[in-house]
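A.B. asks: Give me coordinates for this.
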Amino acid sequence: MDKKYNYELIKDYLDGLLDKSASDEMKQLIETDETAQNIAKGILILKYQLENEEAVDKYLNDFLIIQTKKIRSSYQYIWWKIAASISLLTIIGIVAYNMQKESLNDFVESQLADHYEYVGVVRGEMISEKFDQALSAYSMHDYASAADILLEIDLPEAHYFRGLSLLQLDDYELAIAALEDSSIYRTRYSEQALWYLTLAYIQTYDLSKAEQKLNQLISTNENFKKSEMKRLLELLKE
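C.D. replies: Okay, the predicted model is just below:
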């Protein structure tokens, strides 16, 4: 491979290991050559994504071995620089997607970790007693028991907190079913339910549905998690 597109030289330049003369030459190359720029970008992203320098070196060496085996003629060799550029652009795209996905996941996980506390009473003495048992389990982070008890109560509040409990159990499909119950949206929990429903759809990778629910919430919301909604919408549109 043409020396100027040598991954090791470009990586050494990025790591500050070249002498001044070689470093100036490589800097000039990266600033003026698109292929070298793409290779440098790919290496920087790999350094960010992989665990350590050894992992980066192994990845690049394996990549070079595979690509070298593909070269069978001088004609193919001529196209190596183009192939290297395209391959690195592919790497950049994949890693950038993973970085975005991780950012969205981190945000959602932080929101789900924010335990929603219950304040209020439910009408009816028998229902209230059973509901209190469920909410006691919920407050103690015993989400499985809470979900089981709430399944026996046909009230909007029960559907809502069952949905939250199922979210904490990572049972997103059942959480969605509980939080989609229309009776919830005639209560004071309507905004909260839409928010957690949005998060549940994200966890099932239905981002279009998540964005739809989030926009619905934004259009009606007054005070609940305004800054978080704005940030989540930004992440969904990236």
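A.B. asks: Sort out which residues of stretch 185-202 are buried, please.
C.D. replies: Neighbour-count burial for stretch 185-202 flags 185, 189-202 (criterion: 16 or more other CB atoms under 10 Å). Any C-beta I mention is one placed from the backbone N, CA and C, and that applies to glycine too.
A.B. asks: Now, the residues you listed that are in helices?
C.D. replies: Among the buried residues of stretch 185-202, the members falling in helices (DSSP state H) are 190-202.
A.B. asks: still on that earlier bit, of the buried residues of stretch 185-202, closest to Ser103?
C.D. replies: When the buried residues of stretch 185-202 are compared for distance to Ser103 (CB to CB), Ile202 comes out closest, at 12.1 Å.
A.B. asks: circling back: looking at the buried residues of stretch 185-202, which one is closest to Ser219?
C.D. replies: Looking across these and measuring by CB to CB, the closest to Ser219 is Leu194, at 10.4 Å.
A.B. asks: contacting residues around the closest one?
C.D. replies: Leu194 makes contact with 185, 213-214, 216-217, according to CB atoms under 8 Å, 6 or more residues apart in numbering.
A.B. asks: Helices - which of these land there?
C.D. replies: 213-214, 216-217.
A.B. asks: tally of neighbours for Ala36?
C.D. replies: Using other CB atoms under 10 Å, Ala36 has 22 neighbouring residues.
A.B. asks: Quick check, it in contact with Leu9.
C.D. replies: No. Look at Ala36 against Leu9 with CB atoms under 8 Å: they stay out of range, at 9.8 Å.
A.B. asks: Okay, domains of the protein per the record?
C.D. replies: Domain assignment for the chain by automatic domain parsing gives 3-97, 114-237.
A.B. asks: Flag whichever of these has the least confidence on average.
C.D. replies: Here the lowest mean pLDDT among those goes to domain 3-97, at a mean of 63.
A.B. asks: returning to that earlier point: of the contacts of Leu194, which pair is most distant in space?
C.D. replies: Most distant of the contacts of Leu194, by CB to CB, are Tyr185 and Leu214, 15.0 Å apart.
A.B. asks: if we can go back for a sec, so which of the ones in helices among the buried residues of stretch 185-202 comes closest to Ser165?
C.D. replies: Distance to Ser165 across these (CB to CB) is lowest for Tyr196, with 10.8 Å.
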